[in-house]
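J.: Pasting the sequence and the predicted coordinates here, then a few questions.
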Amino acid sequence: MAAEPVGTMLSYNKKTITYARCPGCAYGRHEFHLDCGMAYENERFTLSQDFEVPIPGFMIVAPKRHIEMLSELTDEERNEMFSIVDKAVKIMRANHICERFDYIFEEKESRHLHVWILPRYDWMTERADDILANLEIIFEHALTHFRNEDNYKEIKRITDIVRNSF
Ligand SMILES: [Zn+2]
């Protein structure tokens, strides 16, 4: 049997993650874990801290089945996916993690569909008037300055809050 192609990435807390084929599918099947744990899952979706970028509360909602376009979701799945987004944000807002959030949604070729939930922190608006137009600056700042134990604890604290409140 031929070995499946393996991809790698560096987790938000600098651990090497390896996965076969698709990271979204692998995460949904529990083939790798993040140290903060999963915030929520059911049979169809996962909710989790972003795998790579150490911004607290920067979360991903993804279907467990491999789809690449919004139109591939059933009406029921689409409603459920955005209900999970909505609930996660309401929990984070109620716990004073952040007041406002942006939502990022791509249909990249050969990429597992997901919605990103990005808190709008003051440090971001200080660096960029338009956060979504300057994601590279925002992510680079986080990767350079937020890879430390205190921040990893904050990521875990927020994930725990969301998990316990869901
Ligand atoms: Zn996938």
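T.: Alright, I've got the coordinates.
J.: and for the helix or strand where Tyr152 lies, what are the contacting residues?
T.: Assigned by DSSP states H and E, Tyr152 falls within helix 149-165. Helix 149-165 is touched from outside by 12-13, 35-40, 47-49, 54, 56-57, 59, 88, 91-92, 94-95, 97, with contacts defined as CB atoms under 8 Å, 6 or more residues apart in numbering. C-betas here are computed from N, CA, C, even on glycine.
J.: Among the residues you listed, which lie within strands?
T.: Using DSSP state E, the members of the contacts of helix 149-165 that fall in strands are Tyr40, Leu47, Ser48, Gln49, Met59.
J.: what's the neighbour count on the closest residue to the fourth one other than its chain neighbours?
T.: The spatial neighbour of Gln49 that comes closest, neighbours along the chain excluded (CB to CB, 6 or more residues apart in numbering), is Cys36 at 5.2 Å. As a burial measure, Cys36 scores 22 neighbours (other CB atoms under 10 Å).
J.: tell me the angle of the helix or strand encompassing Ile117 relative to helix 149-165?
T.: Per DSSP H and E, Ile117 falls inside strand 115-119. Relative orientation of strand 115-119 and helix 149-165, computed by axes from the mean of the first three to the mean of the last three CA atoms, to 10 degrees: 120 degrees.
J.: Please compute how far the following helix or strand past strand 115-119 lies from its chain's middle.
T.: Per DSSP H and E, the first helix or strand lying C-terminal to strand 115-119 is helix 122-127. On the basis of CA atoms, centre = their mean, to the nearest Å, helix 122-127 sits 20 Å off its chain's mean C-alpha point.
J.: mind saving the C-alpha coords of helix 122-127 as PDB?
T.: Output in PDB follows, covering the C-alpha atoms of helix 122-127 (Å, rounded to 0.1, in the frame of the first residue of the first chain):
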ATOM      1  CA  ASP A 122      -7.000  46.900  20.200                       C
ATOM      2  CA  TRP A 123      -3.400  45.900  19.300                       C
ATOM      3  CA  MET A 124      -4.800  45.000  15.800                       C
ATOM      4  CA  THR A 125      -6.600  48.300  15.200                       C
ATOM      5  CA  GLU A 126      -3.500  50.100  16.400                       C
ATOM      6  CA  ARG A 127      -1.500  48.400  13.700                       C
END
